[in-house]
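**Q** missing the sequence, but the structure's below:
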């Protein structure tokens, strides 16, 4: 019988489909399909084929489906193996999920989102906080109003704009007799403009009326139920009638002092503050004055009334909370404290007759490094979310929460990373299992005693001494040669090499 | 499916294939002819049945194939679990045995 072109095509389809079949089963699979195809070709005109409505070509199309099923079944089997308890993939997925969840929480919370991603202020490089006590004077109000006035006139050559603000708590009298206590920033009229939180073209900014009150978005939503018609209305705050001039997003305020509202006053209005009221002074450096201090600060010296005054110009960037800075400090402390909580060595892994290949060793270190990185990332994101979840009274509080929330989890996390790494097979990186006690402490002189763990893929045994001795001080890995692999057939069957 | 003996959780197609093998259609090609199912259904289903331990496959002896001047064929037969499963499947698909009579039925 001569081969028809369609029969050859059917054979070619079977051979092409065979490429989908896992390598280990391929020759067997081809042999079966070729055998069956032979019968289809040679019985194509027979009764049996007519019954089934088969042609060799139609028959061979099924080979594709069969091969595809074998491939997907193999992949799902391998995935189940890879994601089994204690596997690298599972560990990485859990850590990554926690990191992604932390990122989502940070993105959902407006304050943490701002702390992580938003630019501080459009031109923060040119903005400084003036303080007579150096860095210490930037977190608590330390400048008297009178000092601000003197600085405003004396430093005109250095600063193009200078603003003052005083954090206060004041009841806000609403129309329906509710009087919520608000954290009000009483500041000079140019405060928000200086910070870039209010653009000069804003509808609200054109009002030059004294006593302009700007509400934070959260206060507006809470106390005025997001009423868009409140602008221009009068309210009573800090004992005086004010005009509600606008709403500012909470994320626009990065300076010390909690702000539910900003009351901007002209010079006469500021005089209503108590004589001993202290506040903060913010200034914009003139281009020609001196290079901006960037993230640092510098002392300035000035003669006034025959006396010498020193004050510090501190960059706004170093005053505002930077979660990364606080976190790095906690990270450093955790790394320093880590040796006190667990041993740092990862154990003794002598090369066996079948030495570990370089990529396996590199993979092991890569896995360790990625675990450290992911743990650090998780702690950073969650501690930032925690620090900004509630509205801290001031930024130093948030910094304290961030540092405290990061230190202990980092320490525990790093300790877990080391302990987890020590309990993993150096070849497949899966967690070792089936712990068994070996030996007796009383017979320590004759043989080691401790715990033996086994790699379920049959790569080896881990011996952890109970009492470290001079000849068995640290855990030791014992490689099993291939002759042992028959005991671990199940693991070998699902290994990726078999595909 | 799980391959648990006595558990009748087979689809109708799988049950038909199992019954066809039990009825003596031991090659994939003859199962297709008996059931009328296409090759793209029969072979993957037989792989699943084999994976679940309901059937086993075996290559016929090369000498037999050589004598008949054709390639060797792989044939299938039911395992003990497969037979138990099939018994349970009859309760779910009562007409199965009538559609594809098994040798015992023929004898009856």
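**A** Done, it's in. What you see is a predicted model; the values in this text were computed from it and never measured.

**Q** enumerate the residues of chain B near chain A.
**A** Contact residues (Cβ under 8 Å from any Cβ of the partner chain) of chain B with chain A: B:27-30, B:32-33, B:36, B:38-44, B:47, B:51, B:59, B:70-74. In short, each C-beta sits where N, CA and C put it, glycine included.

**Q** give me phi/psi at the closest residue to residue B:73 other than its chain neighbours?
**A** Sequence neighbours aside, residue A:35 is the residue nearest to residue B:73 in space, at 4.6 Å (criterion: Cβ to Cβ, 6 or more residues apart in numbering or on different chains). Main-chain torsions, residue A:35, degrees, to the nearest 10: phi -60, psi -50.

**Q** helix or strand: which one has residue 29?
**A** In the absence of a named chain, this looks at chain A. Assessed by DSSP states H and E, residue A:29 sits inside helix A:23-42.

**Q** oops, I was thinking of chain B
**A** When secondary structure is defined by DSSP H and E, residue B:29 falls within helix B:28-35.

**Q** try residue A:402
**A** Under the assignment here (DSSP H and E), residue A:402 is part of helix A:395-422.

**Q** packing partners for that helix?
**A** The criterion is 3 or more Cβ pairs under 8 Å, 6 or more residues apart in numbering or on different chains; DSSP states H and E, and the helices and strands that helix A:395-422 contacts are helix A:323-341, helix A:358-389.

**Q** helices or strands up against the shortest one?
**A** It refers to helix A:323-341. Helices and strands touching helix A:323-341, as assessed by 3+ Cβ pairs under 8 Å, 6+ apart, comprise helix A:110-117, helix A:358-389, helix A:395-422.

**Q** sheet partners, orientation included, of the helix or strand that the first one is followed by?
**A** For helix A:110-117, the succeeding helix or strand toward the C-terminus, using DSSP H and E, is strand A:127-131. In its sheet, strand A:127-131 lies beside strand A:278-285 (antiparallel), strand A:307-315 (antiparallel), with partners assigned from DSSP bridges.

**Q** now render the helices and strands packed on helix A:323-341 as JSON lines, adding mean pLDDT and mean neighbour count.
**A** JSON lines is the format used below for the helices and strands packed on helix A:323-341 (pLDDT from 0 to 100; neighbours: other Cβ atoms under 10 Å in any protein chain shown):
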{"stretch": "helix A:110-117", "mean pLDDT": "74", "mean neighbour count": "19"}
{"stretch": "helix A:358-389", "mean pLDDT": "89", "mean neighbour count": "19"}
{"stretch": "helix A:395-422", "mean pLDDT": "86", "mean neighbour count": "19"}
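
**Q** so which of those gets nearest residue A:75?
**A** Taking Cβ to Cβ as the criterion, helix A:358-389 is the member of those that comes nearest to residue A:75, at 21.3 Å.

**Q** which residues sit in contact with the residue of chain B found nearest chain A?
**A** Closest residue of chain B to chain A, Cβ to the nearest Cβ: residue B:39 (2.8 Å). For residue B:39, the residues meeting the contact criterion (Cβ atoms under 8 Å, 6 or more residues apart in numbering or on different chains) are A:36, A:54, A:58-63, A:65-66, B:28, B:32.

**Q** least confident pick among the residues you listed?
**A** Lowest pLDDT of the contacts of residue B:39: residue A:54, 66.

**Q** residue B:56 sits in which helix or strand?
**A** Applying DSSP H and E as the criterion places residue B:56 in strand B:55-59.

**Q** per-residue pLDDT of the nearest residue to residue A:440 once chain neighbours are set aside, please?
**A** Spatial nearest neighbour of residue A:440, chain neighbours left out: residue A:449 (5.6 Å); criterion: Cβ to Cβ, 6+ apart. Note for residue A:449: predicted pLDDT of 82.

**Q** correct me, but residue A:449 touches residue A:438?
**A** Yes - between residue A:449 and residue A:438 there is a contact at 6.4 Å, judged by Cβ atoms under 8 Å.

**Q** look at residue A:464 and tell me its secondary structure.
**A** Secondary structure of residue A:464, reduced to three states by DSSP: H, G, I helix; E, B strand; the rest coil: strand.

**Q** which residue ranges of chain B form helices?
**A** Ranges of helices within chain B are B:12-22, B:28-35, B:39-51, B:62-67, B:80-92, B:96-99, B:103-107, based on DSSP state H.

**Q** among the ones you listed, which is the most enclosed?
**A** Burial among the helices of chain B, expressed as mean neighbours by mean count of other Cβ atoms under 10 Å in any protein chain shown, is greatest for helix B:28-35, which shows a mean of 24.

**Q** ok, residues contacting that one?
**A** Helix B:28-35 is contacted by residues A:32, A:36, A:39-40, A:48-49, A:51-52, A:54, A:59, B:13, B:16-17, B:20-21, B:23, B:25, B:37-39, B:42-43, B:46, B:74, B:76, B:100 when judged by Cβ under 8 Å, 6+ apart.

**Q** related to what we said a few turns ago, hey, least reliable of the strands paired with strand A:127-131 by pLDDT?
**A** Mean pLDDT is lowest for strand A:307-315 among the strands paired with strand A:127-131, at a mean of 74.

**Q** can you count the residues close to residue A:88?
**A** The local packing of residue A:88 (other Cβ atoms under 10 Å in any protein chain shown) involves 19 other residues.

**Q** so what's it up against?
**A** For residue A:88, the set of contacting residues under the criterion of Cβ under 8 Å, 6+ apart consists of A:82, A:367, A:428-430.

**Q** ok so, going back, make TSV out of the helices and strands packed on helix A:323-341 and add distance to residue A:260.
**A** Conversion of the helices and strands packed on helix A:323-341 to TSV gives the following (distance: least, Cβ to Cβ, whole Å):
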stretch	distance to residue A:260
helix A:110-117	14
helix A:358-389	16
helix A:395-422	16
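
**Q** show me the contacts for the residue nearest to residue A:440.
**A** Contacts were defined as Cβ under 8 Å, 6+ apart; by that measure residue A:449 touches A:437-441, A:443, A:465-467.

**Q** among those residues, which ones are in strands?
**A** Judged by DSSP state E, those include A:437-438, A:465 as members of strands.

**Q** just the buried ones from these?
**A** Under a neighbour-count criterion of 16 or more other Cβ atoms under 10 Å in any protein chain shown, the subset of the ones in strands among the contacts of residue A:449 counted as buried comprises A:438, A:465.

**Q** return the member of the ones in strands among the contacts of residue A:449 nearest to residue A:344.
**A** Checking these one by one against residue A:344 (Cβ to Cβ), the nearest turns out to be residue A:465, at 17.1 Å.

**Q** what does the residue nearest to that closest one when sequence neighbours are not counted show for phi and psi?
**A** On the basis of Cβ to Cβ, 6+ apart, the spatially nearest residue to residue A:465 that is not a chain neighbour turns out to be residue A:450, at 4.2 Å. Residue A:450 adopts backbone torsions of phi 160, psi -150, taken as degrees, to the nearest 10.
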